[in-house]
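In: One predicted model, sequence on top.
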Amino acid sequence: MSSPLTTASPAAPAEPAGPGRRAPRLRRPRGGHQPGRPKRSVLLTVLASLVVLYTVVPLIWLAVNATKTQSGLADSSGLWFARDFALWDNVRETFTYDDGVFTRWLLNTLLYVVLGAGGATLLAVLGGYALAKFAFPGKRGIFALVIGAVAVPGTALAVPTFLMFSKMGLTDTPWAVIIPSLVSPFGLYLMWVFATEAIPTELLEAARIDGAGEARTFFRVALPLLAPGIVTVLLFTTVATWNNYFLPLIMLKDPDWYPLTLGLSAWNSQAETIGGDVIFNLVITGSLLTILPLIAAFLLLQKYWQSGLSAGSVKE
Amino acid sequence: MTTLQPPAAAEPRPAPPPARRDRRSWTGWGFIGPFVAVFALVFLAPIAYSIYLSLFRDQLIGGTTFVGLDNYTQALKDERFWDSLGRVTLFLLIQVPIMLGIALLAALALDSGRLYGKSFFRITIFLPYAVPAVVATLMWGFMYGTKYGLVGDINGAFGVTLPDPLSPDLVLASIGNIVTWEFVGYNMLIFYSALRVVPHSLYEAAEIDGAGQFRVITAIKLPAIRGALVIATIFSIIGSFQLFNEPSILRPLARNAITTDYTPNFYTYSLSFNGQQHNYSATVAIIMGLITMVIAYVVQLRGMRKGA
């Protein structure tokens, strides 16, 4: 109940100082900095390249091996192509295998992302705006609750959530995955800090004096200013939903409702069952297809989410 | 002197803070209400329910009976639980410092402005974060394999026999490598974002005082991002205690190395879904939750106090 959450609440004072305190507003601290632009260092670049190598080699491995057939996988080197280039065959087979169940999983994942991550972002934006710009009864309590929630291991909640949902008849339906995805404490926190920074209170006052209602003020004045923060939160909740594995694993029995993650691991373990079809080539190609949309989203939206993230750490 | 003033004066003079918004009203609830409602359903209710569950026992004969704290005393004597807890503790003591250390060094390197192709580094190191744990584990699992994997390649190419990453002795380290791979970039970005908002005037002042790079890092940068460091540490600890995805997906490849009670979370999962022991599973989950929170809290206290 609330007891474990209040345990964490003494931690609160360290935090609210940020959003609450009115720091002299530092516009982007970059700009007018000229003296002694640091010299570029080859050594440092080489060292950083080692880290890049570490993060990228597995991705290259995945891309290379998605081009191989099942037999090519077995008898070629992991980091180079096999004699036959089977990428397109693999992609086609991934989508058509087992009556196109992969497509179904992809659509499920999209559904969970649109409703789950979309909803989570919406709730976080509304809540963050409230915390940043309104004084209301219970505000401190909510802060403590949310900080406490971050400390509660999500998986400690999984079993009771499963039992609760199964009583409510929600397990094995998409709702069992979507509803828990709707809450993102991290998103709320980020939105809160972001809104504190990005929306000048004077602007809201002005809108109210002009006779705009709260809803109108929010949509017309606040929302546009929150855009980079919203993109950031949306991207991070999308990743959380897209990559979710544990929750669907316990909530869903029917493979027709699986998201991609669960489907892929089912394909992978299929090799183990007696008489099961060994389709590692499809597991690998499916994995590649699963990560491409997110990587594309991160690359395309770089500018927005990185500025959103920086604004989110202003409170430090 | 006066020439320095205008920028400040030109700013729409910030209204004196206290006058800002003293009237409390319920309007804010209109905005935060939906979040709180779902939060109550998804967080508070399950916690309450699991506490309730932990006080009962489901017996073959006699059905569900109230047993008070019996489940808790059972858990405290449960060797399988303690073994799994010991394992994740060992894991986090080694993996978390390595991961955060690399992330911090990379963030400092980015922030130093001394890298060629900085934005390339920033985004490439971050990319694994976009990879689901399932895919990351499948991928590394294949690569670890002596048959298709890189380990097999190296063995073949150099005529050596590397230790098997999936053997009982090494599998924990192999899991640590997967988790490090997944989250190095994410943590780097958190640190880097925090570093970016450190006022540059501090560096200039340090430069004038003749402080070297190293001194700037220890005296300005690290203290400035202490909050981010603490938060990242807490999240990493929580993550380690919750370890489930990686071992569970790796298990088919390493059956004798990864048991179904390999981590506390794996244990509660197995209890509930393979053993139908929901009540006991809830108890173990609560104990884990409490332990996690206590540790997270201690880290936060210590982290905030240090040098404050």
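Out: That came through fine.

In: Residue B:276: helix or strand, and which one exactly?
Out: In this assignment (DSSP states H and E), residue B:276 forms part of neither any helix nor any strand.

In: pLDDT wise, what is it at?
Out: You'll see residue B:276 listed with a pLDDT of 81.

In: go on, residue A:90?
Out: pLDDT at residue A:90 comes out at 88.

In: Residue A:192: how many residues sit nearby?
Out: By other Cβ atoms under 10 Å in any protein chain shown, 28 other residues sit near residue A:192. Quick note: C-beta positions are derived from backbone N, CA and C, even for glycine.

In: Wasn't it part of a helix?
Out: Yes. Checked against DSSP: H, G, I helix; E, B strand; the rest coil, residue A:192 lies within a helix.

In: Just confirm it contacts residue A:126, I think it does.
Out: No. At 11.0 Å, residue A:192 and residue A:126 do not qualify as touching, with contact defined as Cβ atoms under 8 Å.

In: Check the secondary structure at residue B:162 for me.
Out: coil.

In: Residue B:142 versus that one, what's the distance?
Out: Distance of residue B:162 to residue B:142, computed by Cβ to Cβ, to the nearest Å: 16 Å.

In: Of those two, which one has the most company?
Out: More crowded of residue B:162 and residue B:142, by other Cβ under 10 Å: residue B:142, with 24 against 13.

In: Show the subsequent helix or strand relative to the helix or strand hosting that one.
Out: Residue B:142 belongs to helix B:133-144 when elements are defined using DSSP H and E. Scanning forward in sequence from helix B:133-144 by DSSP H and E, the next helix or strand is helix B:150-158.

In: was I right about residue B:243 contacting residue B:88?
Out: Yes. Look at residue B:243 against residue B:88 with Cβ under 8 Å: they come within range, at 5.6 Å.

In: got a pLDDT number for the residue nearest the centre of chain B?
Out: By Cα atoms, centre = their mean, the mean C-alpha position of chain B lies nearest to residue B:236, the distance being 2.4 Å. pLDDT recorded at residue B:236 is 91.

In: Which helix or which strand is home to residue B:65?
Out: strand B:63-66.

In: other SSEs contacting that strand?
Out: Using 3 or more Cβ pairs under 8 Å, 6 or more residues apart in numbering or on different chains; DSSP states H and E, the elements in contact with strand B:63-66 are strand B:56-59.

In: Now the strand it packs on: average pLDDT?
Out: Mean pLDDT, computed over strand B:56-59, is 81.

In: Now do residue B:114, the pLDDT please.
Out: Looking at residue B:114, the pLDDT reads 86.

In: Grab the nearest non-local neighbour of it.
Out: residue A:41 (4.1 Å; Cβ to Cβ, 6 or more residues apart in numbering or on different chains).

In: if we can go back for a sec, so what's in contact with residue B:243 and residue B:88 at the same time?
Out: Listed as contacting both residue B:243 and residue B:88 by Cβ atoms under 8 Å, 6 or more residues apart in numbering or on different chains are residue B:263.

In: Would you map the helices across the stretch 1-150 of chain A?
Out: A:2-8, A:17-20, A:42-65, A:70-75, A:87-112, A:118-133, A:139-151 (DSSP state H, counting those that start in this stretch).

In: following the last one, which helix or strand comes up?
Out: By that I understand helix A:139-151. Counting by DSSP H and E, the next helix or strand C-terminal to helix A:139-151 is helix A:154-167.

In: can you give me the offset of that following helix from its chain's centre?
Out: 21 Å (Cα atoms, centre = their mean, to the nearest Å).

In: got any ranges where chain B has weak pLDDT?
Out: In the predicted model, chain B carries pLDDT under 70 at residues B:1-23, B:60-62, B:147-149, B:305-308.

In: biggest helix in it, by residue count?
Out: Looking across chain B with DSSP state H, the single longest helix is helix B:79-111.

In: Is there proximity between it and chain A?
Out: Yes. Part of helix B:79-111 sits near chain A under the criterion Cβ under 8 Å from any Cβ of the partner chain, namely B:102, B:106, B:109-110.

In: Check the helices of the stretch 1-150 of chain A for me and report the most buried one.
Out: The highest mean neighbour count among the helices of the stretch 1-150 of chain A, using mean count of other Cβ atoms under 10 Å in any protein chain shown, belongs to helix A:118-133: a mean of 24.
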